[in-house]
Structure formats: C-alpha cells, structure tokens
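K.L.:
prediction below, plus the sequence it came from.
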Amino acid sequence: MRHAASGKSRIEAIDIARGAALLAMAVYHFGWDLEFFGYMEPGTTVTGAWRIFARSIATSFLFLVGVSLFLAHAQSIRWPGFGKRLAMIVAAAAAISLATWIVFPSGFIFFGILHHIAVASLLGLAFLSLPAWAVLLMAAGVVAAPHFLSAPAFDHPALWWLGLSTFRPPSNDYVPLFPWFGAVLAGIAAARAGRDSGVLARLSLLQSGGWSRPVTFAGRHSLAFYLLHQPILIGCVWLLAQMWPPAVLPADARFTQACVRQCEAAREEAFCAAYCGCFVDVLDGEGRLEAVMSARPDRETESRLSEIASECTMRADAGTAAPQREGTNGQAGGTAE
C-alpha cells in the first residue's frame, strides 16, 4: 500500500507498530485458548489485567487502521485499491462468522474486529478532509455515545452492531461501531496532525535494524496474520492437551469461577457470591448446566438465562440466593409441564 500522504511507499515505523499490535493480539488469543482448554481458570481473559490488555490491543489496532486510511487516501481516494482491500476484509469477516457459528453457535462472532474494520473503512472516508480538531471532537462523541444513547430500541439483534443496546450481546469477539469507531477517528486525526506538523516526514526517514523484520513482516501482511494465527495457536494447545491434559473441574465449579470473575468487575464480592451461587443452583436444578458449559445451549435455554439473571439479581440484592425455580403455581422445584 502506498502512503501518498507521506510521500513514501511505506513508513516502516507504522508497519512495526501494526506488527507489534498483532503479536500482542496473538498473546491474548493464546491465553484465551489456554483458558478454553482448561489450563487457566474460567473467566481469566475477560477480567482484570487480561481485559485491559485486550481492550488496549483493539484500541491500538483500530487507531492504526485510521492512520493507514489517512495515509493511503487523504490526497485522493484510490478506489481500485480500496475496493480490493475492502472485499478481502469483508470475505475474511464472513469466513470468521461462519467458522465461529459452526464451533460456537451461542457466541459466534457476528461483528468482530474485521467486521468493524470493513464498516469503519467506509465511514472513515467521510472524515479524511476534515481538520484534526474536528475529527477528534467526533471521536470523543463516538466514545461517549453508549453512555448517553443506549436504549431498549437498540436491543434488537439487527442493531447489535451499533453497540447501543442495553446489554452486551453474546459473542467471543464483539467490537461494535460505538464506541470503537472513536479509535479509528483518533487515528485519522493523529495522521492529519502528523502530516501537517512534519512528524510523518520525520518518521518516514527512520530505519530499524534487522531485529524488526519479523514484526515488520507481520505488519505488512496483517490480514493473513490475523486469519492464520488463531488456528495455529489452537492446534498447538490441542496437541498440548493430548500429551498433558489439564485438570478438569466439575461444571458447577467452572461456572461459578467464571461468573464470579466477571461479576466482581462491576459489583461487590458479597453480591457476586450470592448471585453466582443462585445462578448455578437454578441451572443445575433445571438440568441446564452442562448445556451452558458446553457453549451449545438451545434457544429456549438462551432465553431462560436472561430470566435467571433477573431472578438472581433480585435475590442477591435482597440478600438471598434461593429463588423459586420455574414451575406451576410458583412452587420451587416444580415443573413447567
């Protein structure tokens, strides 16, 4: 890709930055794979430092998408190259959705990082000619939007890609338009400011040593790296599991650990203990626990999960984790037949 705005065919520092972001993404995904196979406690990679790590990676990657978009098309949009690149990204995003729908139907990736890049690349074209301050202002608005515009009207699955629903849709990789498009806009603004101030010109003169070649190579072939790294990592962990299988905890213990980890990111310890204890008791009593832990619950179970969450939230807030289970006349332990 020729970065017309800088006057050079490529800026090596940006390739290195993109490659570093990709390598960091591979590290995170390796952790996710280890958790999935049982080598790490459930919920580890979606809480605490791992969660911050994941969000930092996504932010930096999307920021560089904005930088690259400006460098390639700020002077004039090169439609043939843009269209070819966009088609490749859309095809790759569709392949990711299909593959994850087959393997993880209850949490398949319907709008992940590649889906976002495809949409953001189109929308970003409208901001390339604006001054940096105006684009930064728009970026701030996009980041803040979920805090002010979230509403039940956006809870329909057809609108989940916007990121304005009142809950987080189930997905193994969810990167909605709001607030993440703000990172792309910030990249566009930074690239414009860098060009106008001469920073890009100075960056284009920098040359790294041989140490950077693997990182630069990854940065220059980012789409191929993204598509290939996770299957390779999963294959490696699978081989490890065949030779040294992880210790497998009972389903109720695994569910409770994952639930408590995620809950304590937003609520106090006492509430989470009551809430998660309630949740696992209801799932176990209704015979749904194994289906949920297998990541293949049916639609009726998926619908029931939201009901259980509401029940257990009320019970935990009231200081008890013993809700009535589904049944006739509201009797605990009854049946729905």
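P.N.:
Okay, I see it. What you see is a predicted model, and the numbers here were worked out from it, not measured in a lab. Numbers count the residues shown, from 1 in each chain.

K.L.:
state the distance from the nearest residue in space to residue 43 that is not next to it in sequence to residue 115.
P.N.:
What sits nearest to residue 43 in space, not counting adjacent residues and going by CB to CB, 6 or more residues apart in numbering, is residue 261, at 3.3 Å. Quick note: C-beta positions are derived from backbone N, CA and C, even for glycine. Between residue 261 and residue 115 the computed distance is 27 Å (CB to CB, to the nearest Å).

K.L.:
which one's more surrounded, these two?
P.N.:
Neighbour tally, residue 261 and residue 115, criterion other CB atoms under 10 Å: the higher count belongs to residue 115, 24 against 21.

K.L.:
what does the helix or strand containing the more buried one contact?
P.N.:
Using DSSP states H and E, residue 115 sits within helix 113-124. By CB atoms under 8 Å, 6 or more residues apart in numbering, the residues outside helix 113-124 that reach it are 58, 61-62, 65-66, 69, 82, 85-86, 89-90, 92-93, 96-97, 109, 161, 173, 175-177, 180-181, 184-185, 188, 226.

K.L.:
determine how far it lies from the middle of the whole chain.
P.N.:
Here helix 113-124 is found 14 Å from its chain centre; the criterion is CA atoms, centre = their mean, to the nearest Å.

K.L.:
now it: mean pLDDT?
P.N.:
Helix 113-124 shows a mean pLDDT of 97.

K.L.:
need the next SSE after that helix, C-terminal direction.
P.N.:
Following helix 113-124 in sequence, per DSSP H and E, is helix 132-149.

K.L.:
what packs against that next one?
P.N.:
Helix 132-149 sits against helix 177-197, with contacts defined as 3 or more CB pairs under 8 Å, 6 or more residues apart in numbering; DSSP states H and E.

K.L.:
please work out the average pLDDT along the helix or strand following the helix it packs on.
P.N.:
Per DSSP H and E, the first helix or strand lying C-terminal to helix 177-197 is helix 199-204. Helix 199-204 carries an average pLDDT of 90.

K.L.:
now do the buried residues in helix 199-204.
P.N.:
Within helix 199-204, the residues scored as buried using 16 or more other CB atoms under 10 Å are 200, 204.

K.L.:
what packs against that helix?
P.N.:
Helix 199-204 packs on helix 177-197, going by 3+ CB pairs under 8 Å, 6+ apart.

K.L.:
mind redoing it with 6 Å?
P.N.:
Contacts defined by 3 or more CB pairs under 6 Å, 6 or more residues apart in numbering; DSSP states H and E place helix 199-204 against no helix or strand at all.

K.L.:
for that helix, C-alpha coordinates in CSV please.
P.N.:
The C-alpha coordinates for helix 199-204 follow below in CSV (Å, rounded to 0.1, in the frame of the first residue of the first chain):
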residue,chain,number,x,y,z
VAL,A,199,6.1,14.3,12.1
LEU,A,200,5.2,11.8,9.4
ALA,A,201,8.0,13.1,7.2
ARG,A,202,10.5,12.5,10.0
LEU,A,203,9.1,9.1,10.8
SER,A,204,9.5,8.1,7.1
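
K.L.:
count of neighbours near residue 213?
P.N.:
12.

K.L.:
where does it fall, secondary structure wise?
P.N.:
Using DSSP H and E, the element containing residue 213 is helix 213-220.

K.L.:
swap in residue 81?
P.N.:
helix 79-103.

K.L.:
now tell me what touches that helix from outside.
P.N.:
The list of residues contacting helix 79-103 from outside it, by CB atoms under 6 Å, 6 or more residues apart in numbering, reads 108, 109, 110, 114, 115, 117, 118, 121, 227.

K.L.:
go again with 7 Å.
P.N.:
73, 108-110, 112, 114-115, 117-118, 121, 172, 223, 227 (CB atoms under 7 Å, 6 or more residues apart in numbering).

K.L.:
among these, name the buried ones.
P.N.:
Using 16+ other CB under 10 Å, the buried ones in the contacts of helix 79-103 are 73, 108, 109, 110, 112, 114, 115, 117, 118, 121, 172.

K.L.:
the third one: what secondary structure?
P.N.:
Translated: residue 109. At residue 109 the chain is in coil, as set by DSSP: H, G, I helix; E, B strand; the rest coil.

K.L.:
does residue 172 really touch residue 106, like I thought?
P.N.:
No - Residue 172 is beyond contact range of residue 106, at 9.7 Å (criterion: CB atoms under 7 Å).
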